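> here's my sequence, what's the structure:
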Amino acid sequence: MTIIGCLYIVMGAIGFAYHLTEFKAQHPFQYDIIWVGLVRLIAIVCGVYMLRGHNWARWLALAWIVYHVILSAFHMLSELAIHILFCAILAYFLFRPTATRYFRAAGA
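Model (predicted):
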């Protein structure tokens, strides 16, 4: 869980910083940049709270990657395949019996 939590924090922070560079103050207000930033911040929240052992964070983390699978369905097939692979790997590690014990122990 430590590796997955840290990955969510790092990827959320990198994605947030990257998309922040796309914001241009001279253009009209861009709602899509805010949405993308919010999605990246959700990744950071998932990571932080997974490290703290909150069960809801692993469900949110799974929902976060499923959202990316849905988005990638509208892009290239290779992007969809990679997101499906990441989703399957994350689901496997987030819901293994050892992970369930980790989240149950932290909640107690």
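> confidence score at the residue nearest the centre of the chain?
Residue closest to the average C-alpha location in the chain (Cα atoms, centre = their mean): residue 43, at 3.8 Å. Note on residue 43: pLDDT of 95.
> same check, this time on residue 27
Reported pLDDT for residue 27: 62.
> before we move on, what about residue 1?
88.
> for it, give me its contacts.
Neighbour list for residue 1: 50, 51, 53, 99, 102, 103 [criterion: Cβ atoms under 8 Å, 6 or more residues apart in numbering]. Yep, even glycine has a C-beta here, placed from its N, CA and C like the rest.
> if we go to 7 Å?
Residues near residue 1 by Cβ atoms under 7 Å, 6 or more residues apart in numbering: 50, 99, 102.
> for the second one, which residues are in contact?
Under the criterion of Cβ under 7 Å, 6+ apart, the neighbours of residue 99 are 1, 93.
> in which helix or strand would I find it?
Assigned by DSSP states H and E, residue 99 belongs to helix 97-107.
> buried sites along whatever helix or strand residue 3 lives in?
Under the criterion of DSSP H and E, residue 3 resides in helix 2-20. Under the neighbour-count criterion of 16 or more other Cβ atoms under 10 Å, helix 2-20 has 4, 5, 7, 8, 9, 12, 15, 16, 19 buried.
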